[in-house]
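>>> What would the 3D arrangement of this be:
(one chain, ligands or ions: 1)
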Amino acid sequence: MLNRFRRTVRCSKGHLFTATWVPYASLTSIRLGRVRYMRCPVGKHWAICRRVDNADLATLTDT
Ligand SMILES: [Zn+2]
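I've put the predicted structure just below:
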């Protein structure tokens, strides 16, 4: 059921990975609007990450 919330995100170091991005709720990350501080599974580090899919659209609709 959470598959609909799967999003491609990019960490501050440029790693791309897929994460569960649930609006208005966060189990494994700190919600910071369009960006989140979460663990990057690629570099195995914590970093500021932001969504990269439908970025332009998200800019208009995300709060
Ligand atoms: Zn990373």
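>>> Can you give me the distance of residue 51 to residue 12?
Plainly put, residue 51 is 13 Å away from residue 12 if you go by CB to CB, to the nearest Å. All C-beta atoms are positioned from the backbone trio N, CA, C, and that covers glycine.
>>> Comparing those two, which shows the higher neighbour count?
Each of residue 51 and residue 12 has its neighbours counted (other CB atoms under 10 Å); residue 51 has more, 18 against 15.
>>> Can you show me the helices along this structure?
Counting by DSSP state H, the segments of the chain that form helices are 55-61.
>>> Near the ion, which residues of it are found?
11, 13, 15, 40, 42, 43 (CB under 5 Å from the ion).
>>> Highest neighbour count among those?
Busiest of the residues of the chain next to the ion [other CB under 10 Å] is residue 11, holding 23 neighbours.
>>> Does that residue touch residue 47 like I think?
Yes - with contacts counted by CB atoms under 8 Å, residue 11 reaches residue 47, the gap being 4.1 Å.
>>> Could you tell me which residues touch both of the two?
Residues touching both residue 11 and residue 47 (CB atoms under 8 Å, 6 or more residues apart in numbering): residue 40.
>>> that older thread, and the furthest pair within the residues of the chain next to the ion?
Largest separation among these by CB to CB: 13 and 42, giving 8.5 Å.
>>> and residue 52, what pLDDT?
For residue 52, the pLDDT comes out at 82.
>>> Kindly report the same for residue 1.
55.
>>> now the strands for the chain?
For the chain, the strands defined by DSSP state E occupy 6-11, 16-20, 30-32, 35-40, 45-51.
>>> Check those strands for me: which has the lowest mean pLDDT.
Among the strands of the chain, strand 30-32 scores lowest, with a mean of 58.
>>> list the contacts for residue 8?
Applying CB under 8 Å, 6+ apart, the residues near residue 8 are 16, 17, 18, 51, 52, 53.
>>> Out of those residues, flag the one nearest to the ion.
The ion lies nearest to residue 17 out of the contacts of residue 8, by CB to the ion, at 7.5 Å.
>>> my guess is that closest one meets residue 39, correct?
No - counting by CB under 8 Å, residue 17 does not reach residue 39; the two are 9.8 Å apart.
>>> Contacts only, for residue 13.
40, 43, 45, 47.
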